[in-house]
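>>> What follows is a protein structure lacking sequence information:
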């Protein structure tokens, strides 16, 4: 059985010379729900962007048995649904239907299958009645759910989310947590929301200064006050 995500000795520097990842290794098995936490600038978002080839560094990244490299980008991006922190980076079509249909159309699916995928994805995020709405007129919480639907329509094996609860009011945050709990897929979630992490993600990986500082059961790591303090995290 292959891992859903297998990262080996991954290093990456931005053009300005900033070393964002330093020999990061991480394995995630199918069905695991894993939190990626740490201070700003720890390398969390940079790591997520390597999972579907938006960034490529030194080292090896495998997702769903595929090496993340140019020739596999199409299959890799279908296998890993990446949801950005700002949904406006993901929503660019005239209507919600068009945004959610974009991936399946790009995959060359028949119109009837595209429509079925859109219906299914919108139902999964409880936004069935929004198909003909204009994405940019929606609330932050609604946009976040539509952004998730745009990747669910590709039927990915892995969902990678960057700060999914950022900017949401309490009701929208609760709705999103309930939604993510119900999705039966491997998840890697970068977040500062430790209460959400404790509730939703049984395994926690702490990153700091481009390295993995700790990796273990969420409940245990959240009790380790010194560990949390050392890496800029507040105990709940």
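Thanks, I have it. The structure displayed is predicted, hence computed values, not measured ones.
>>> So residue 161, which state does it fall into?
strand (DSSP: H, G, I helix; E, B strand; the rest coil).
>>> Contacts only, for it.
Taking Cβ atoms under 8 Å, 6 or more residues apart in numbering, we find residue 161 in contact with 83, 148, 180, 187-191. (Each C-beta comes from the backbone N, C-alpha and C, glycine too.)
>>> Repeat that for residue 203.
32-35, 215-218.
>>> change it to 6 Å
residue 34 (Cβ atoms under 6 Å, 6 or more residues apart in numbering).
>>> who's it bridged to?
residue 34, residue 217 (DSSP bridges).
>>> Likewise for residue 80?
residue 158.
>>> what's around it, how many residues?
26 (other Cβ atoms under 10 Å).
>>> Same question for residue 141.
19.
>>> Just to be sure, it is in a helix?
Yes. The assignment for residue 141 by three-state DSSP puts it in a helix.
>>> Quick check: the gap between it and residue 31.
27 Å (Cβ to Cβ, to the nearest Å).
>>> quick one on the thing from earlier: just send the contacts of residue 161 back as TSV, with secondary structure, distance to residue 116 and neighbour count too.
Below are the contacts of residue 161 laid out as TSV (DSSP: H, G, I helix; E, B strand; the rest coil; distance: Cβ to Cβ, whole Å; neighbours: other Cβ atoms under 10 Å):
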residue	secondary structure	distance to residue 116	neighbour count
83	strand	22	22
148	helix	18	26
180	helix	23	22
187	strand	24	21
188	strand	27	27
189	strand	28	26
190	strand	31	24
191	coil	32	23
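>>> Among the residues you listed, which one sits closest to residue 224?
residue 191 (17.9 Å; Cβ to Cβ).
>>> Can you list phi and psi of that closest one for me?
phi -160, psi 150 (degrees, to the nearest 10).
>>> swap in residue 223?
phi -90, psi -20.
>>> try residue 52
phi -130, psi 20.
>>> ranges for the strands of the chain?
5-13, 19-28, 33-37, 58-63, 66-67, 80-83, 158-162, 186-190, 203-208, 211-217 (DSSP state E).
>>> right, and those strands - which one's nearest residue 135?
Nearest to residue 135, of the strands of the chain and by Cβ to Cβ, is strand 80-83 at 14.2 Å.
>>> Can you spell out which helices and strands pack onto that closest one?
helix 140-152, strand 158-162 (3 or more Cβ pairs under 6 Å, 6 or more residues apart in numbering; DSSP states H and E).
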